[in-house]
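1. Based on what follows, work out the 3D shape:
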Amino acid sequence: MEASITLKKVGKLVGDKTILAGLTFGIERGTLVAIVGVNDAGKSTLLQLISGFESPNYGQVFIHGLDMDKRRNETRKLIGYVPHENDLDPWMTLEQNIRFTANLYRVSRKDTNSRIAKYAKVLNLIPYLSQLASKVSHGIQKKTMLARELVHDPPVLILDEPTGYMDAESIRLVWDVLKEFKEKKSIIYVSNSLEEIEQAHDRILVFHEGRVLMDGHLDKLLESTLDYHQFQIEFEFLSNELYEKLSSISTVVSPNRLDNIFHFYGRTRNVFFDVVHVASNDMMIDLNVKKLGLRDLLDSEFAGRGLD
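-> Numbers count the residues shown, from 1 in each chain. Prediction:
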């Protein structure tokens, strides 16, 4: 399948700090991609680069085979970008904001009218279209920003927190719209809601310190962790000496403590009996075990150390 977005050795620096480090990957048409990572991992910067609002210090970004640096005007027409922060004109109504973008991209009046009518209805914006952008809630602003980008029907949608500030019903409406385009457009988004990402993705890019640490569907990413679980053991008293002994067990991954609770990752059979053996003379009050999920993959210490 043809790549909709291609990055070749893309890097971004701010002063002496590396924000993105030599990224190379492609995103196929009709793919829903979620980008996740801890704060300052480079997620929003990546979206700005792909959207053309930032330029890389080195490397190339291609949109539908076009070099963004050399053919910026052409590539911008292919992209709909919803930033994290509200960028609507506060002195225009919501409808005027949408129509301004339609005019900018030379969308016909007929198509503009039909698309505004459609998205205002499905996103429940009709009661607010005549209101100034500065007078509506953040959630309404965000939905309007999405409608504004959809009005020129771009093949690539780049969304930074697309459901930010929204209630459950608005979140459902937004995803109903986005899923309608799933086969037609490439959609790349950043979200802090791990539940949202687990429910809506074809592919997840896990970012860590400006690099893609993991790449694939969640099921695929978790395949390598099938034998791993997260453990939480509460002791009657967890001394510093016992904590150090437990942390030094070779099968224990990413240990930490909270008062008398010992938290760690590991292979179910091996690590459990290793810990029990070392702590055989200490009273255990409670034990919790759960399978790994997306949140665990984002644990920077765990991800950085790896599973093997």
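
2. Tell me the spacing between L94 and M145.
-> 10 Å (Cβ to Cβ, to the nearest Å). For glycine as for every other residue, the C-beta is placed from the backbone atoms N, C-alpha and C.

3. With S191 instead?
-> Distance from S191 to M145, by Cβ to Cβ: 15 Å.

4. What about K121, how many residues nearby?
-> By other Cβ atoms under 10 Å, 10 other residues sit near K121.

5. for it, phi and psi?
-> Note on K121: its backbone torsions stand at phi -70, psi -50 [degrees, to the nearest 10].

6. Find the nearest non-adjacent residue to L242, please.
-> The spatial neighbour of L242 that comes closest, neighbours along the chain excluded (Cβ to Cβ, 6 or more residues apart in numbering), is D282 at 5.9 Å.

7. returning to what we had before: quick check: neighbours shared by L94 and M145?
-> Taking Cβ atoms under 8 Å, 6 or more residues apart in numbering as the criterion, L94 and M145 both touch L88.

8. so what's the residue nearest to L242 up against?
-> F235, E236, F237, L238, L242.

9. where exactly do the helices run in the protein?
-> Ranges of helices within the chain are 43-51, 72-76, 94-104, 109-122, 138-150, 168-180, 194-199, 218-223, 240-247, 268-278, 294-297, 300-305, based on DSSP state H.

10. Alpha carbons only: can I get stretch 231-239 in CSV?
-> What follows is stretch 231-239, C-alpha atoms only, in CSV (Å, rounded to 0.1, in the frame of the first residue of the first chain):
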residue,chain,number,x,y,z
PHE,A,231,3.3,-7.3,40.8
GLN,A,232,2.4,-5.3,43.9
ILE,A,233,3.3,-7.0,47.3
GLU,A,234,2.4,-5.3,50.6
PHE,A,235,4.5,-6.3,53.5
GLU,A,236,3.8,-5.8,57.2
PHE,A,237,7.1,-4.0,57.2
LEU,A,238,9.4,-3.5,54.2
SER,A,239,12.8,-2.6,55.5
